[in-house]
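Q: please find the sequence and the predicted model below.
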Amino acid sequence: MSIFTKIINREIAADIVYEDDICLAFRDIHPQAPVHVLLIPKVAVESLDQLSAEHRDLCSHLMLVIPKVAAHLGLTGGYRTVINTGPHGGQTVFHLHIHILGGRSLAWPPG
């Protein structure tokens, strides 16, 4: 069971900024920008590599929630979304999650 599943189940506290029946968004405990939120599905999907056609509605929902969360957090000047996939992609928690970062000008490349 991942730490994110424990957050979904309320076994671990988190600063939740958005929730619906399908997903949950909460502040990252190690923010890389003034605003750094993680958006996670409530169903356990390890990473992008484990998505299939059966996840089509889930993926659409997550993409539509991102701008809602960004607006709620006041990210009117823009924001960045990041999905790390696999160890070489920087994924450290193996539960699909989307980073929403903003609150300052973000440089490119990220690293």
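A: Received, thanks.
Q: show me where the protein dips below the pLDDT cut-off.
A: Residue ranges of the chain with pLDDT under 70: 111.
Q: now the strands for it?
A: 16-19, 23-27, 35-41, 79-82, 98-102 (DSSP state E).
Q: nearest to Arg56, of these?
A: strand 35-41 (12.7 Å; Cβ to Cβ). C-betas here are computed from N, CA, C, even on glycine.
Q: which helices and strands does the closest one pack with?
A: helix 3-8, strand 23-27, helix 56-72, strand 98-102 (3 or more Cβ pairs under 8 Å, 6 or more residues apart in numbering; DSSP states H and E).
Q: I'd like the distance from the last one to the chain centre, please.
A: Taking the mean C-alpha point of strand 98-102 and that of its whole chain, the gap between them comes to 7 Å (Cα atoms, centre = their mean, to the nearest Å).
Q: can you point out the buried residues in it?
A: By 16 or more other Cβ atoms under 10 Å, the buried positions in strand 98-102 come out as Ile98, His99, Ile100, Leu101, Gly102.
Q: same question for the third one.
A: Buried positions in helix 56-72, judged by neighbour count with 16+ other Cβ under 10 Å: Leu58, Leu62, Val65, Ile66, Val69, Ala70.
Q: what packs against it?
A: Judged by 3+ Cβ pairs under 8 Å, 6+ apart, helix 56-72 is in contact with strand 16-19, strand 23-27, strand 35-41, strand 98-102.
Q: tell me which strands the longest one pairs with, and in which orientation.
A: It refers to strand 35-41. strand 23-27 (antiparallel), strand 98-102 (antiparallel) (DSSP bridges).
Q: now the ones you listed as JSON lines including distance to Ser52?
A: Converted to JSON lines, those look like this (distance: least, Cβ to Cβ, whole Å):
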{"stretch": "strand 23-27", "distance to Ser52": "18"}
{"stretch": "strand 98-102", "distance to Ser52": "18"}
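Q: to Lys42, which of the ones you listed lies closest?
A: Taking these one by one with Cβ to Cβ, strand 23-27 is closest: 6.1 Å.
Q: quick one: contacts of the closest one?
A: 7-8, 14-19, 36-42, 61-62, 65, 69, 100 (Cβ atoms under 8 Å, 6 or more residues apart in numbering).
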